[in-house]
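**Q** Need coordinates for the following:
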Amino acid sequence: MTIECARCRVKLPGEDTHHHRGQDLCEDCYMGALQQPKTCDAAATQLAKKHRESAGQTGTDGLLDIQKKIHDYIKERGKATRQQIMEALDIPEWELDKQIAVLRHCELVKGRKEGNQVYLVLFDY
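**A** Presented below is the predicted three-dimensional model:
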């Protein structure tokens, strides 16, 4: 019996899936669901900064393509809501959460509240 992962849509044999909060997930998505990223994590920020410095990385050097796309989308517009990014890049909320956490830890993106709306802006905005 083949089952589709509820997050990434990969097809798996039924015995290779994990059931979590009413969803069948592959191993990677299951681990992601259990270890959700924390955007505000001082230790992760320090580690990311040290790693990038030691690797000689600045700006978007060393980022995944999806992380670069999110960064560029925000840069082109000056600011963007999470919903705008999800719709423009066709990514689910859980994936955006994971990538924003990385961008935040690298001090490339941050949140900024304007009235009742929170926007993602470049860190040096």
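**Q** What mean pLDDT does the helix or strand hosting Met86 get?
**A** Taking DSSP states H and E as the definition, one finds Met86 inside helix 82-89. For helix 82-89, mean pLDDT rounds to 98.
**Q** How far away from the center of its chain is it?
**A** 12 Å (CA atoms, centre = their mean, to the nearest Å).
**Q** quick one: buried residues of it?
**A** Ile85, Met86 (16 or more other CB atoms under 10 Å). The way it works is simple: take the backbone N, C-alpha and C, and place the C-beta from them, glycine included.
**Q** Can you give me the separation between the residue nearest to the spatial centre of the chain and Gly56?
**A** What sits nearest the mean C-alpha location of the chain, by CA atoms, centre = their mean, is Gln99, with 1.6 Å. Applying CB to CB, to the nearest Å, the value for Gln99 to Gly56 is 22 Å.
**Q** Now do the contacts for the residue nearest to the centre of the chain.
**A** Shown in contact with Gln99 (CB atoms under 8 Å, 6 or more residues apart in numbering): Leu64, Ile66, Gln67, Ile70, Ile91.
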